[in-house]
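Participant: no sequence on this one, just coordinates:
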Ligand code: SF4
């Protein structure tokens with residue numbers, strides 16, 4: 001599980017990849033939750049998401065035929081030209097840590113999949129997916145291209161996929177740097193400046209920067 005309940009003062013090591021999703025939505029969320037320690041509570045959507053993920057993990061486990069480590073899966077997929085997949089893959093990059101919903105090992109590429117609600121790949125969701133790609137690349141250093149993907153967790157359909165490039169790596173590194181500055185009090189966080197975002201935000205009742 002990620003460590004999303006840590007406050008800024010406790011983050012001395014790696015940042016949970018899931019924080020990139022909040023950051024992509026509105027960096028003020030990072031400030032409220034991890035600097036000021038405000039707890040917004042779990043929304044019905046978050047609870048439903050947890051339950052759907054648990055069911056997907058159970059189904060994957062029940063269908064699994066072999067149990068392999070990441071290194072073994074990388075070798076087996078290329079040597080035997082087979083497609084393998086692993087769920088709930090823990091990653092620890094240089095600055096990020098988290099659990100990837102699914103890694104699909106194709107003989108010629110890797111796909112890092114994040115399961116999300118709905119059919120829209122929001123910028124925050126893409127940033128989170130890039131974060132998983134970066135952490136995976138740093139930890140396992142695969143000799144294969146990495147593709148990020150987002151899948152509708154209700155339908156199982158892929159709604160977005162894009163190769164992980166140096167530009168995405170730089171975007172994640174910049175985001176992590178900005179998050180650290182906010183946590184350390186070196187940067188003033190900005191509000192979303194978007195009434196639609198603020199109306200849908202789980203921190204709206206506690207936020208002094210909201211604009212709805
Ligand atoms: S209410 Fe608006 S400004 Fe405040 S954290 Fe949410 S999105 Fe950001």
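Facilitator: All right, it came through fine. Just so we're clear, the structure is a prediction, and the values are computed from it rather than from any experiment.
Participant: Can you get me a residue count around residue 62?
Facilitator: Residues contacting residue 62 under the criterion other C-beta atoms under 10 Å number 7. No exception for glycine: its C-beta is placed from N, CA and C like everyone else's.
Participant: where does it fall, phi/psi-wise?
Facilitator: phi -60, psi -30 (degrees, to the nearest 10).
Participant: which secondary element of the protein has the worst mean pLDDT?
Facilitator: helix 44-63 (a mean of 76; mean pLDDT, DSSP states H and E).
Participant: buried residues in it?
Facilitator: For helix 44-63, burial by neighbour count (16 or more other C-beta atoms under 10 Å) applies to 49, 53, 56.
Participant: Can you name the next helix or strand after it?
Facilitator: helix 70-80 (DSSP states H and E).
Participant: Identify the residues contacting that next one?
Facilitator: The contact list for helix 70-80 (C-beta atoms under 8 Å, 6 or more residues apart in numbering) reads 68, 82-84, 86, 89, 103, 105-107, 110, 140, 142, 144.
Participant: list the helices and strands the least confident helix or strand of the chain packs on?
Facilitator: strand 84-92, strand 96-106, strand 109-116 (3 or more C-beta pairs under 8 Å, 6 or more residues apart in numbering; DSSP states H and E).
Participant: closest to the ligand out of those?
Facilitator: The ligand lies closest, by C-beta to the nearest ligand atom, to one member of the helices and strands packed on helix 44-63: strand 109-116, at 18.2 Å.
Participant: Give me the angle between the closest one and helix 44-63.
Facilitator: 140 degrees (axes from the mean of the first three to the mean of the last three C-alpha atoms, to 10 degrees).
Participant: ok, is the following helix or strand past strand 109-116 in contact with the ligand or not?
Facilitator: For strand 109-116, the succeeding helix or strand toward the C-terminus, using DSSP H and E, is helix 123-140. No: contact of helix 123-140 with the ligand (C-beta under 6 Å from any ligand atom) is absent, the minimum separation being 10.9 Å.
Participant: same for helix 123-140, what does it pack against?
Facilitator: helix 19-25, helix 70-80, strand 84-92, strand 96-106, strand 109-116, strand 146-152, helix 166-183.
Participant: Serialize those to a markdown table and add fields for distance to the ligand.
Facilitator: A markdown table is the format used below for the helices and strands packed on helix 123-140 (distance: least, C-beta to the nearest ligand atom, whole Å):
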| stretch | distance to the ligand |
| --- | --- |
| helix 19-25 | 7 |
| helix 70-80 | 36 |
| strand 84-92 | 27 |
| strand 96-106 | 22 |
| strand 109-116 | 18 |
| strand 146-152 | 21 |
| helix 166-183 | 12 |
